[in-house]
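*Asks:* Whatever this is, show me its structure:
(one chain, ligands or ions: 2)
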Amino acid sequence: MNDTAQKITVEKAQTSKIDQVDFDNLSFGSVFTDHMLVCDYKNGAWETPKIIPYQPITLEPSSKIFHYGQSIFEGMKAYKDAAGDTWLFRPFDNHKRFNISAKRMSIPEIPEEYFIEGLKTLLRLEKDWIPQSEGSSLYIRPFMFASGKGFHASPADEYKFMICLAPSGAYFSGKVKVLIEQTYSRSANGGVGYAKAGGNYAGQFYPTQLAVKKGYNQVIWTDDNTHEYIEEAGAMNIFVRIKDTLITGPTSDRILDGITRKSIIEIAKDEGIPVEVRKITVTEVVDAAKNGSLKEMFGAGTAAVVSPIAAFGYNDTDYDLPELPNSYARRMKERIIDIQYNKAEDIFGWRHKV
Ligand code: PLP
Ligand code: COI
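*Replies:* Ligands and ions are numbered 1, 2, ... in the order given. Reported below is the predicted structural model:
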């Protein structure tokens, strides 16, 4: 145990809710474990993290989070292997991205040891909450927001960093049908699209609701300038397979630099699959769907893992995608899950023991 881990205080819950949870029928992110991590930023410095029973928090109505939306988050998962050991997947990348988001939103960066050691201490305490059933895992939600008060439109002087845990099943239930967006935009050049800022998600809700009314689950965002290029979906990066080539768009300041995305690029290369990271036009995808060379489309993300897309809509037409027996989506999902659950050798060095 290092110095930081030793300093983290733990106040244990008097009772546990674990017996009330149906681990065989978990939805995504709707039940929470017995404890959470809280860390306060006051007087220009982060205090040592504390682990306390999961409970409501008290904030002033004038806290800047409510008015100016200074709020960021991360999405991670903890996996339990057959021997009962707990693993994280590329957690240092999540910490790095958290601080990239923090910087963009004028939130003070959190030291690596508070993030990593805080999370590991919390996970060791909540070990029994990590589901072992196929397709389930413990979803980890680190988040950070302006708790400092005042109506002046400027960064707050106080912040909270917290981590909550939710035993979770699949993010999508059933087939994924997406709509390629032609009117609204998720982000713009020079904006905050690359940050996991809460407001990026709030801004997606209305266009996504419109798409849901038309029978789609998610929107695929296109570039704000021309709506001609495929960017990403609401909660995942996008891959398309044209003939045998796997293609994904380049990251930019409009797109989240997904950890699953970059892992899939490496896995696909390792499998000998031709991979291209380049701009993808909507026209190219629609034409490929029409002439049969569009073999697959799938989303990639921590919550979504690898989610095959069954159909996409564009210009009032739906294009169905075939279900391939040995799809790239399936191969990528198996490889990544086998690494995450410690079922296969991790040649990339991504797995991290808790
Ligand atoms: N894009 C968006 C907008 C997301 O919210 C997510 C989820 O975190 C992703 C992509 C995928 O990122 P990652 O693979 O790091 O979870
Ligand atoms: C994740 O995949 O972890 C995310 O943060 C996406 C979220 C919208 C559920």
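*Asks:* Going by C-alpha atoms from here, please, whenever you check contacts or count neighbours.
*Replies:* OK.
*Asks:* residues near the spatially closest residue to Phe143 that is not a sequence neighbour, how many?
*Replies:* For Phe143, the nearest residue in space outside its immediate sequence neighbours is Phe73; the separation is 4.0 Å by CA to CA, 6 or more residues apart in numbering. By the measure other CA atoms under 10 Å, the count of residues near Phe73 is 22.
*Asks:* what's the answer for Lys214, then?
*Replies:* Lys214 is surrounded by 12 other residues when neighbours are defined as other CA under 10 Å.
*Asks:* For it, give me its contacts.
*Replies:* Contact partners of Lys214, counting by CA atoms under 8 Å, 6 or more residues apart in numbering, are absent.
*Asks:* what does the helix or strand Met297 falls within rub up against?
*Replies:* Under the criterion of DSSP states H and E, Met297 resides in strand 294-301. By CA under 8 Å, 6+ apart, the surrounding residues in contact with strand 294-301 are 233, 235-244, 258-261, 285, 288-289, 305-310, 321-322, 327-329.
*Asks:* Now, of those residues, which are buried?
*Replies:* Restricting the contacts of strand 294-301 to buried positions leaves 233, 235-242, 258-261, 285, 288-289, 305-310, 321, 328-329, with burial counted as 16 or more other CA atoms under 10 Å.
*Asks:* Return the alpha-carbon coordinates of stretch 254-270 using PDB.
*Replies:* Below are the C-alpha coordinates for stretch 254-270, written out as PDB (Å, rounded to 0.1, in the frame of the first residue of the first chain):
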ATOM      1  CA  ARG A 254     -15.000  17.600 -31.600                       C
ATOM      2  CA  ILE A 255     -14.700  13.900 -30.800                       C
ATOM      3  CA  LEU A 256     -14.000  11.900 -27.600                       C
ATOM      4  CA  ASP A 257     -10.700  10.100 -27.800                       C
ATOM      5  CA  GLY A 258     -12.300   6.700 -26.800                       C
ATOM      6  CA  ILE A 259     -10.200   4.200 -25.000                       C
ATOM      7  CA  THR A 260     -12.200   1.300 -26.500                       C
ATOM      8  CA  ARG A 261     -11.700   2.800 -30.000                       C
ATOM      9  CA  LYS A 262      -8.000   3.000 -29.700                       C
ATOM     10  CA  SER A 263      -7.800  -0.500 -28.200                       C
ATOM     11  CA  ILE A 264      -9.800  -1.900 -31.100                       C
ATOM     12  CA  ILE A 265      -7.500  -0.200 -33.600                       C
ATOM     13  CA  GLU A 266      -4.600  -2.000 -32.000                       C
ATOM     14  CA  ILE A 267      -6.400  -5.300 -31.700                       C
ATOM     15  CA  ALA A 268      -7.600  -5.200 -35.300                       C
ATOM     16  CA  LYS A 269      -4.000  -4.500 -36.500                       C
ATOM     17  CA  ASP A 270      -2.800  -7.400 -34.400                       C
END
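*Asks:* Noted, bye for now.
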